[in-house]
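> Here's a sequence, model it:
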Amino acid sequence: MTGYPKTITNLIECLKKLPGVGEKSAERMALSILELDDDVLKFFAENLLSVKDKIKRCSICNHLSEEDICDICADKTRDNGILCIVEEPKDVRTLEKVGIFNGKYHVLGGLISPLDGITPNDINISNLIERIKNENIKEVIIAVKPSIEGETTSLYISKILSDLNVVISKIAYGVPIGADMEYLDSLTLELAFDNRMKISE
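Got it, this is the predicted structure:
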């Protein structure tokens, strides 16, 4: 017995299926939904349903899109010669919000992780090779998270692209600005030392 009608209990259970949402958060969300205006709630429900029907993967870069080709791939003002490789669509959004990159993207849809049974065949690498061969790409920037899986994926991509006429780079990792050394994990410190920059002549 939860103390709530079945409809609210079912809504709480649905919300708990979202990542990072526990019992308390789901309960707060469900009760907040009850307080929404009818128009807002209708808009919310419509978009919740349409996101499954309308959203697909871009046939070129594997990003999320309502069309066969996403807005970024269709944008003629972007630099076609530079390709940024990311793990998930949310990484594209992060880079776009910062506004530091004006090339094209390639979304892998995961990282190589032998321990989890994820091999190169399970992520979007074969399409990457085809793009580099056919799209006149001059530079590939690997922008995946600094983890064992990220490093494994970066090394694999570097190896399979080494025979192609393309510059391969990787975003630098290291100590965040303002961070205390005592709170840094060993991988972050190792990468910071490996990616150290010379500051003297």
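
> can we go C-alpha only for contacts and neighbour counts from here?
OK.

> From D122, how far off is the residue nearest the centre of the chain?
The centre of the chain sits closest to E88, judged by Cα atoms, centre = their mean, with a distance of 2.4 Å. Distance of E88 to D122, given as Cα to Cα, to the nearest Å: 14 Å.

> repeat for E182
The separation that E182 has from D122, given Cα to Cα, amounts to 37 Å.

> And for the nearest residue in space to G22 that is not next to it in sequence, the neighbour number?
Take G22 and drop its neighbours on the chain: the residue closest to it by Cα to Cα, 6 or more residues apart in numbering is K16, 5.6 Å away. By the measure other Cα atoms under 10 Å, the count of residues near K16 is 18.

> wait, K16 sits on R28?
No - judged on Cα atoms under 8 Å, K16 makes no contact with R28 at a distance of 11.1 Å.

> which residues touch the residue nearest to the centre of the chain?
By Cα atoms under 8 Å, 6 or more residues apart in numbering, the contact list for E88 reads H63, V107, L108, G109, G110.

> Counting neighbours, which of those residues comes out on top?
That'd be H63 among these, by other Cα under 10 Å, with 27 neighbours.

> Was I right to think that residue contacts R57?
Yes - with contact defined as Cα under 8 Å, H63 reaches R57; the gap is 5.5 Å.

> Just the CA atoms of stretch 164-174, as PDB, please.
This file holds the C-alpha atoms of stretch 164-174, laid out as PDB (Å, rounded to 0.1, in the frame of the first residue of the first chain):
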ATOM      1  CA  LEU A 164      44.200   7.200 -44.300                       C
ATOM      2  CA  ASN A 165      45.400  10.700 -45.200                       C
ATOM      3  CA  VAL A 166      43.900  12.400 -42.200                       C
ATOM      4  CA  VAL A 167      45.300  14.200 -39.200                       C
ATOM      5  CA  ILE A 168      44.200  12.600 -35.900                       C
ATOM      6  CA  SER A 169      44.100  14.600 -32.700                       C
ATOM      7  CA  LYS A 170      42.500  14.200 -29.300                       C
ATOM      8  CA  ILE A 171      41.200  16.800 -26.800                       C
ATOM      9  CA  ALA A 172      43.500  17.300 -23.900                       C
ATOM     10  CA  TYR A 173      42.600  16.000 -20.400                       C
ATOM     11  CA  GLY A 174      44.000  17.100 -17.100                       C
END
